[in-house]
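Q: Task: produce atomic coordinates for the following.
(one chain, ligands or ions: 1)
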Amino acid sequence: MESYTPDFSLEVQGVKGFCPAGEVYAKRSIAEKKIPVLSCEGPCIRGDIARLAANLVAQELPSYARACHAETFFVPHSTMARWVKQAEKSVMIDGCFLKCHGRALKGLVGEGTMIHIDALPLYQKYTDIFSMDDVPEEERKAVARQVADKIVAMLRTEHPQGAALQTVSLGQ
Ligand code: SF4
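A: Got it, this is the predicted structure:
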């Protein structure tokens, strides 16, 4: 089995319309100059820890807000996509070294404005588990809290508002 895929593109069916709530939210985020925080998600435990941590990071740092990665990638005419693409910087918290969502985001925003984080090295657990349902909810939340604390500390020290932009890979 091949263990490598070179750069590739994905054909995606076109779409009409908007998510009304997403439009309002993204317009407000643009007006407030929020820095988008995106993540992967469950059902994989690594994706779920990344998602929970992303929520906590955005809740804790007033200048950051969660963005929907799927709307950003798959509804290109949405305000969500416009917000992420025009943001001065964005944060992508991926669940593991495969960095699925950051690899796609990189093509949209360019490497120079993306703070790309692999969450797994920040807690190093559950490497033999796939499903998030195999880890109790309270434990998932506690681990996500630890991950979020590390990311918040990094963003506060390395990316204070107005600081020069750079791409980082935390936990590598
Ligand atoms: S980076 Fe990819 S493989 Fe890893 S947890 Fe996220 S979606 Fe799953």
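Q: pLDDT score assigned to the residue in the chain positioned nearest to the ligand?
A: For the chain, the residue closest to the ligand is Gly95, as judged by C-beta to the nearest ligand atom, at 2.7 Å. All C-beta atoms are positioned from the backbone trio N, CA, C, and that covers glycine. As summarised for this prediction, Gly95 has a pLDDT of 97.
Q: Also Gly112?
A: Confidence at Gly112, expressed as pLDDT, is 89.
Q: which SS state does it fall under?
A: Secondary structure assignment for Gly112 (DSSP: H, G, I helix; E, B strand; the rest coil): helix.
Q: List the contacts of Ala144.
A: Ala144 makes contact with Asp48, Ile49, Leu52, Ala53, Asn55, Leu56 under the criterion C-beta atoms under 8 Å, 6 or more residues apart in numbering.
Q: and these, which are buried?
A: Asp48, Ile49, Leu52, Ala53, Asn55, Leu56 (16 or more other C-beta atoms under 10 Å).
Q: pLDDT at the second one, what is it?
A: Going back to what we said before, that points to Ile49. Ile49 is assigned a pLDDT of 98 by the prediction.
Q: give the contact list for it.
A: Taking C-beta under 8 Å, 6+ apart as the criterion, Ile49 is in contact with Gly95, Ala119, Leu120, Tyr123, Arg140, Val143, Ala144, Val147.
Q: Filter those down to just the ones in helices.
A: In this view, the contacts of Ile49 that belong to helices under DSSP state H are Arg140, Val143, Ala144, Val147.
Q: The second one and Glu2, how far apart?
A: What it means is Val143. Computed as C-beta to C-beta, to the nearest Å, the Val143 to Glu2 distance reads 32 Å.
Q: So for these two, which sits in the more crowded spot?
A: When Val143 is set against Glu2 and neighbours are counted by other C-beta atoms under 10 Å, the residue ahead is Val143, at 21 against 4.
Q: ok, the more buried one touching Lys125?
A: Yes. Counting by C-beta atoms under 8 Å, Lys125 is a contact partner of Val143 at 6.5 Å.
Q: Closest to Thr72 out of the buried ones among the contacts of Ala144?
A: Checking the buried ones among the contacts of Ala144 against Thr72 by C-beta to C-beta gives Asn55 as the nearest, at 16.4 Å.
Q: What residues does Ala50 make contact with?
A: If a contact means C-beta under 8 Å, 6+ apart, then Ala50 has Ser39, Cys40, Glu41, Ile93, Asp94, Gly95, Ala119, Val147 as its contacts.
Q: which one of those residues is nearest Val12?
A: Of the contacts of Ala50, the one sitting nearest to Val12 (C-beta to C-beta) turns out to be Cys40, at 17.7 Å.
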